[in-house]
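Peer 1: missing the sequence, but the structure's below:
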Ligand SMILES: *Cc1c(COP(=O)(O)O)cnc(C)c1O
């Protein structure tokens, strides 16, 4: 069993992916070839945002977004400590200060109720993460930002395809950033990412920053980065986009199958009714997480911990925070466990994972529990 099965996905789309890659090899425009603009148009339409700017990774998407806003040393960016390190990395690379606000223990997303007490005269941005694929509480966060004149950047690296009040993740605030790292819900075969905004001025700044701050060839009107997404990687995403909605449905079905077997038997990351998840992960919370993970491993079931150490306690980041900044994130870091998930996971595997997990907890699968929701 694979934690995320990319091989089966490739087999399912092999001819489309190969044809798309072959087309790039034939036309030879490896940098900013026609697939780049094509993908940007398709993704903008998919999310409803006016602009999509593809970039070389999700990390670069966050960095370029902050650069376009002019974030500089002394500025503060409010974010969650319970995320992949890239979220905080982009902030500190610009000399700005990450302010870690604790999470909601139910969803593991940034807790809006705790944000306002951490806003200062230096705060410029709130950067929530839509963790595990489920959008953060964007209405509450946008309202706080509006009251204080701040910009909201959704780190949607795990939630591309998710919806919130009928809108797509990445189009839920002024700026949305996603990643096409292979294991994300929509992945390429290397590094890639995208920024979404409906602000024309920001979009122009982002496009220039992506190419070394160039407004025209060899005219550098801003300081930028080398942050383009390869044409080949855009071609892979274009091919995978054809089946993406179907894959989202499959992820939802697999999650429902896990729910049917596990709910009521252990804690799981809560999912809100007013939004849908892209299910980058299906995550449960256990008191004896490490022991249970070892049992699953011994049974040949791969799992992962997202994330074992909150960002505010990482050695390189401790400088910006107090150890007692986010007790809920610290507690959840010891309890969360992500199970195998993906559109191609078989129902027999879901059943095996659930039975082994419950067995490790001294429980059993409910008799007659149907894995496939009717
Ligand atoms: C994966 C991820 C990133 C970084 O994306 P890359 O494409 O790997 O640079 C940023 N934030 C979150 C929450 C992620 O999961």
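Peer 2: Thanks, I have the structure now. Remember, it's a predicted structure, so these values are computed and weren't measured experimentally. Numbering: from 1, shown residues only.

Peer 1: Quick check: residues of the stretch 1-150 of the chain near the ligand?
Peer 2: By the criterion of Cβ under 6 Å from any ligand atom, the positions of the stretch 1-150 of the chain lying close to the ligand are 57-59, 83-84, 86-87, 129. (Glycine included, C-beta is placed from N, CA and C.)

Peer 1: Among the residues you listed, which are located in helices?
Peer 2: 58-59, 86-87 (DSSP state H).

Peer 1: Smallest gap between this structure and the ligand, at which residue?
Peer 2: When scored by Cβ to the nearest ligand atom, the chain has residue 58 as its residue closest to the ligand, at 2.5 Å.

Peer 1: Please work out how many residues are found near that residue.
Peer 2: Residue 58 sits with 28 neighbouring residues when counted by other Cβ atoms under 10 Å.

Peer 1: Give the full set of residues in contact with the most centrally placed residue in the chain.
Peer 2: Among the residues of the chain, the smallest C-alpha distance to the mean C-alpha position (Cα atoms, centre = their mean) belongs to residue 158, namely 1.9 Å. For residue 158, the contacting residues are 129-133, 179, 184-185, 278, 280-281, by Cβ atoms under 8 Å, 6 or more residues apart in numbering.

Peer 1: What of residue 331?
Peer 2: The neighbourhood of residue 331, defined by Cβ under 8 Å, 6+ apart, consists of residue 105.

Peer 1: Mind jotting down where the helices sit in the stretch 101-250 of the chain?
Peer 2: For the stretch 101-250 of the chain, helices defined by DSSP state H, counting those that start in this stretch occupy the ranges 138-148, 200-210, 231-241, 244-262.

Peer 1: could you give me the average pLDDT of the helix or strand just after the last one?
Peer 2: What it means is helix 244-262. Later in the chain than helix 244-262, the nearest helix or strand by DSSP states H and E is strand 267-268. Model confidence over strand 267-268 averages 93 on the pLDDT scale.

Peer 1: again, but for stretch 141-157
Peer 2: Regarding stretch 141-157, the rounded mean pLDDT is 98.

Peer 1: Check which residues of it are buried.
Peer 2: In terms of neighbour count (16 or more other Cβ atoms under 10 Å), stretch 141-157 has its buried residues at 141-142, 144-145, 150-157.

Peer 1: Which SSE is immediately downstream of whatever helix or strand residue 14 lives in?
Peer 2: Assigned by DSSP H and E, residue 14 belongs to helix 6-27. Beyond helix 6-27 in the direction of the C-terminus, DSSP H and E gives the next helix or strand as helix 34-47.

Peer 1: Tell me the helices and strands packed up against that following helix.
Peer 2: In terms of contacts (3 or more Cβ pairs under 8 Å, 6 or more residues apart in numbering; DSSP states H and E), helix 34-47 is packed against helix 6-27, strand 51-55, strand 193-197, helix 231-241.

Peer 1: list the buried ones in the longest one?
Peer 2: Read that as helix 6-27. Applying a neighbour-count criterion of 16+ other Cβ under 10 Å, one finds 9, 12-13, 16-17, 20-21, 24 buried in helix 6-27.

Peer 1: Please list the outside residues in contact with that helix.
Peer 2: Taking Cβ under 8 Å, 6+ apart as the criterion, the residues outside helix 6-27 that touch it are 30, 33-35, 182-183, 187, 231-232, 235-236, 238-240, 242-243, 247, 342-344.

Peer 1: Would you mind measuring from residue 334 to residue 357?
Peer 2: For residue 334, the distance to residue 357 (Cβ to Cβ, to the nearest Å) stands at 17 Å.

Peer 1: okay, those two: which has more neighbours?
Peer 2: For residue 334 against residue 357, the residue with the higher neighbour count under other Cβ under 10 Å is residue 357, and the figures read 27 against 14.

Peer 1: That concludes my questions; thank you for your assistance.
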